[in-house]
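Chemist: Provide a 3D model corresponding to the input given below.
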Amino acid sequence: MENIAIVDAGPLIALFDKSDKYYQKAKRRLEEYRQNDQGKLITAWPIVTEVSYILKERVHFQAQIDLLEWIILGGLEIFDLKKELLPRVIELQIKYSNLPMDFADATLIIIAEELNINKVFSIDKDFAIYRVSGRKHLENLMK
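Modeler: Purely as a prediction, here's the structure:
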């Protein structure tokens, strides 16, 4: 099985914002994972949208461009979320509505379920609560 980890918005924002308090940690952990474990990184379009917006607003337009160019160069794969998976997105958002789980986080759990992935890069504590397929925890590689 391929070594793939899901990436949430926080580490991606940090990776392209040197002033972010997680910059060094995100850079180190993501680089180590890709080099030492020969791991691939994957996320969903809602995450890319969120990160792009935040980078443009909080950092600089060029940071947004740098993210997109990094994706083009193979730094990150993007999962193609099909319409048929939306009922599961809704189910997850209802189940975790007390947190609340946003659309982007739900798509990451969908990726884990669809591709049988058990690793995530996130700075959010919610990923310690979420369950994949209702039973498995994701190992957070940012901890």
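Chemist: quick one, what contacts the nearest residue to F16 once chain neighbours are set aside?
Modeler: For F16, ignoring the flanking residues on the chain, the nearest one in space by C-beta to C-beta, 6 or more residues apart in numbering is A63 at 4.7 Å. In short, each C-beta sits where N, CA and C put it, glycine included. Neighbour list for A63: F16, D17, L55, K56 [criterion: C-beta atoms under 8 Å, 6 or more residues apart in numbering].
Chemist: buried ones in the helix or strand hosting A63?
Modeler: According to DSSP states H and E, A63 maps onto helix 61-72. By 16 or more other C-beta atoms under 10 Å, the buried positions in helix 61-72 come out as A63, Q64, L67, I71.
Chemist: okay if I get those as a markdown table plus distance to K119?
Modeler: Formatted as a markdown table, those follow (distance: C-beta to C-beta, whole Å):
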| residue | distance to K119 |
| --- | --- |
| A63 | 26 |
| Q64 | 26 |
| L67 | 21 |
| I71 | 19 |
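Chemist: quick check: next helix or strand after the helix or strand of the chain with the lowest mean pLDDT?
Modeler: Every helix and strand of the chain was ranked by mean pLDDT, DSSP states H and E. The lowest is helix 23-36, at a mean of 92. Scanning forward in sequence from helix 23-36 by DSSP H and E, the next helix or strand is strand 40-44.
Chemist: contact partners for the residue nearest to M101 when sequence neighbours are not counted?
Modeler: Excluding its sequence neighbours, the residue lying closest to M101 (C-beta to C-beta, 6+ apart) is Q93, at 5.2 Å. Residues in contact with Q93 (C-beta under 8 Å, 6+ apart) are P100, M101, D102, F103, A106.
Chemist: D37 now?
Modeler: Under the criterion of C-beta under 8 Å, 6+ apart, the neighbours of D37 are N3.
Chemist: measure it to L85 for me?
Modeler: Separation of D37 from L85 (C-beta to C-beta, to the nearest Å): 27 Å.
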